[in-house]
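*Asks:* show me how the following folds:
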Amino acid sequence: MGIGLLFNGQGSQSQGMGRDFYDAYPYVRAMYEKASDVLGYDIRQLIDEEPEKLDDTLYTQPAIVLVSLTIYEVIKREIGLKPLLASGFSLGEYSALAASGVFSFSDILYLIKERARLMEEASRLTKGKMAAVIGLDAEELLSYCNQVSDEQGIVTIANYNCPGQLVVSGHAERVAQLERLLEGKAKRVVPVNVSGAFHSPLMMPAAEGLKRALTNVSVQPPQFPVIMNVHAEPLEIERLMELMVKQVYSPVRFEDSLRRMIRCGVKTFIEIGPGRVLSGFIRRIDRTIPVISIQQVEDLKQLESVGGERHEFRG
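*Replies:* The predicted structure is shown next:
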């Protein structure tokens, strides 16, 4: 049974997330202590007691990656799971890379701390906004984006999530203009609760800073393939910096990534981290493929018959 790991991204955070894993496993508590040392604040306390900070990009990104990696560590140790390959949605790509051994635990926390800071700074430079668009295909939506974009302001597709669900990103006033244009055309347009125009050219100022941060960490070949957001292909380690820098301001091609994982032999998906957003994407793509969402310790029971061999990766 080919197992594909999926790691959740920003927006899936919730107060108290990961607490039962923290309480149940001493090695998870040790991971939180190490993370707090790297980040410079008590991350467990923030998740439990500071909801306003938890929704701030500076803290959201490290918190979600930490919770995801501690859950994966439990799955690895307690279940002995051997994934065929992995992917992550936007921020979740960092969790996938760390899970596969490309980055150490300390290095991924350093990178996420820098990414969050850089994206927050870029967001302050331009008033940006994101919105999910339900019920249009990409070609139609791109045409409408072009109608409201010019040299003074842009809107572009930021996330290709699943059939019928796309996310746009750009200058706030142009996103608002697009929302008005889509009345009667799209089924729904839903604001995305983030602080800026992520995965759009408005994030270009963050790219150079992230490139510098990447020179400060060590890199190892992945222990299992990671399907990258930018091109929905397995990571070639020599392109790691290029792909991670581009990811900040380029669309997340998640539907293509999921389809690629299925073609590569994934028969069961395991969604790791807070929320069940990615499970919904998979159901829109192929309802016949089971998805197991692991958010709490009790969810581990669902994995008892899933562990075992990695099986052949069909690239």
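
*Asks:* per-residue pLDDT, Ser104?
*Replies:* You'll see Ser104 listed with a pLDDT of 98.

*Asks:* and the strands in the stretch 101-250 of the chain?
*Replies:* Assigned by DSSP state E, counting those that start in this stretch, the stretch 101-250 of the chain shows strands spanning 128-134, 155-162, 165-171, 188-191, 226-227.

*Asks:* and the contacts of the second one?
*Replies:* Right, the one you point to is strand 155-162. Applying C-beta atoms under 8 Å, 6 or more residues apart in numbering, the contact partners of strand 155-162 are 90, 130, 132, 138, 141-142, 145, 148-149, 166-171, 174-175, 177-178, 197-201, 251-256, 258, 280-282, 284-285. The way it works is simple: take the backbone N, C-alpha and C, and place the C-beta from them, glycine included.

*Asks:* among those, which lie within helices?
*Replies:* 138, 141-142, 145, 148, 174-175, 177-178, 254-256, 258, 280-282, 284-285 (DSSP state H).

*Asks:* I'd like to know which of the contacts of strand 155-162 are buried.
*Replies:* Using 16 or more other C-beta atoms under 10 Å as the burial test, those include 90, 130, 132, 141-142, 145, 148-149, 166-171, 174-175, 177-178, 197-200, 251-256, 258, 281-282, 285 as buried.

*Asks:* now do the contacts for the closest residue to Ala99 other than its chain neighbours.
*Replies:* Setting aside the residues directly before and after it, Ala99 is nearest to Tyr72 in space (C-beta to C-beta, 6 or more residues apart in numbering), at 5.0 Å. Applying C-beta under 8 Å, 6+ apart to Tyr72 gives the contacts Leu5, Phe7, Ser95, Ala99, Ile272.

*Asks:* closest to Pro225 out of those residues?
*Replies:* Leu5 (10.7 Å; C-beta to C-beta).

*Asks:* ok so the closest one is a strand residue?
*Replies:* Yes - assessed with DSSP: H, G, I helix; E, B strand; the rest coil, Leu5 lies in a strand.

*Asks:* ok, it - contacts?
*Replies:* Contacts for Leu5 (C-beta under 8 Å, 6+ apart) come out as Tyr72, Pro83, Leu85, Ala86, Ser87, Ala96, Ala99, Phe269, Ile270, Ile272.

*Asks:* and Asp37, that's in a helix?
*Replies:* Yes - counting by three-state DSSP, Asp37 is part of a helix.

*Asks:* the residue nearest to Ala99 - that's part of a helix, no?
*Replies:* Yes - looking at Tyr72 with three-state DSSP, it is inside a helix.

*Asks:* could we number from 16 for the rest of this?
*Replies:* Done: numbering now begins at 16, and the last item shifts to Tyr87.

*Asks:* how much space separates it from Val263?
*Replies:* Shown here: Tyr87 relative to Val263, a distance of 23 Å by C-beta to C-beta, to the nearest Å.

*Asks:* do Arg291 as well
*Replies:* 26 Å.

*Asks:* got it, and Gly103?
*Replies:* With the distance defined as C-beta to C-beta, Gly103 ends up 14 Å from Val263.
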